[in-house]
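**Student:** can't give you the sequence, but here's the structure:
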């Protein structure tokens with residue numbers, strides 16, 4: 001289910017689903033995440049992500065008031081064993097969203113961008129009956145996320161973390 005654009009007045013950022021296969025406006029962000037990839041490889045990856053139905057994968061972007069892209073989040077819907085998020089149900093898989101890539105263009109705005117993108121992906125997850133969000137390993141850039149979800153975060157082998165959704 002696609003995300004309706006959300007304007008955040010606190011930061012002036014607009015969070016929305018990216019459905020355009022024109023990667024050039026996103027190239028500075030994508031080049032940060034994939035510095036060793038060719039333009040063709042980045043282009044093919046984005047096309048695969050956005051060409052899928054919104055219940056398979058997608059991309060959220062954060063734009064500032066000048067309409068520059070300052071962040072992006074690439075996600076996929078997946079099923080995992082419930083033990084990974086602390087549930088004891090056996091032989092049942094849980095639906096969730098895995099954040100594959102989370103990028104911000106500015107270290108100054110990074111915490112806010114990550115937080116707003118995570119908040120937006122949580123809304124998508126809840127609309128799709130997902131039980132968890134999987135994020136890259138938490139570090140200091142996830143401070144706002146840690147504060148809000150502190151009672152819902154479970155760690156998984158210090159590589160990825162899970163936010164259990166209520």
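**Tutor:** Here it is on my side, so go on. Everything numeric here is computed off the predicted structure, so don't read it as measured data. Residues are numbered from 1 along each chain as shown.
**Student:** Verify the stated contact: residue 95 with residue 124.
**Tutor:** No: contact between residue 95 and residue 124 fails when scored by C-beta atoms under 8 Å: they sit 11.9 Å apart. Any C-beta I mention is one placed from the backbone N, CA and C, and that applies to glycine too.
**Student:** More neighbours: these two, which one.
**Tutor:** residue 124 (21 against 15; other C-beta atoms under 10 Å).
**Student:** next SSE after the helix or strand of the chain at the bottom of the mean pLDDT ranking?
**Tutor:** The weakest-scoring helix or strand in the chain, judged by mean pLDDT, DSSP states H and E, is strand 6-8 (a mean of 52). Counting by DSSP states H and E, the next helix or strand C-terminal to strand 6-8 is strand 13-17.
**Student:** need the strands for this protein, in chain order.
**Tutor:** 6-8, 13-17, 57-63, 69-80, 94-104, 132-136, 153-156, 160-164 (DSSP state E).
**Student:** and these as CSV, adding distance to residue 45?
**Tutor:** CSV is the format used below for the strands of the chain (distance: least, C-beta to C-beta, whole Å):
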stretch, distance to residue 45
strand 6-8, 25
strand 13-17, 17
strand 57-63, 10
strand 69-80, 9
strand 94-104, 9
strand 132-136, 17
strand 153-156, 25
strand 160-164, 20
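**Student:** Poorly predicted segments of this structure, please.
**Tutor:** Applying pLDDT under 70 to the chain flags the ranges 1-11, 52-55, 81-91, 138, 156-158.
**Student:** Nearest residue to the middle of it?
**Tutor:** When the chain is reduced to its mean C-alpha position, the nearest residue by C-alpha atoms, centre = their mean turns out to be residue 73, at 3.8 Å.
**Student:** Scan this structure for its longest helix.
**Tutor:** helix 110-127 (DSSP state H).
**Student:** Mind listing the residues bridging to the nearest residue to residue 13 once chain neighbours are set aside?
**Tutor:** Nearest residue to residue 13 in three dimensions, chain neighbours excluded: residue 62, at 4.9 Å (C-beta to C-beta, 6 or more residues apart in numbering). Beta bridges link residue 62 to residue 15, residue 71, judged by DSSP bridges.
**Student:** any idea how far residue 62 is from residue 56?
**Tutor:** 22 Å (C-beta to C-beta, to the nearest Å).
**Student:** Contact partners for the residue nearest to the centre of the chain?
**Tutor:** The neighbours of residue 73, taking C-beta atoms under 8 Å, 6 or more residues apart in numbering as the test, are 59, 60, 61, 99, 101, 102, 103, 117, 118, 120, 121.
**Student:** So residue 128 sits against residue 75, correct?
**Tutor:** No: Residue 128 is not in contact with residue 75 according to C-beta under 8 Å; the separation is 10.8 Å.
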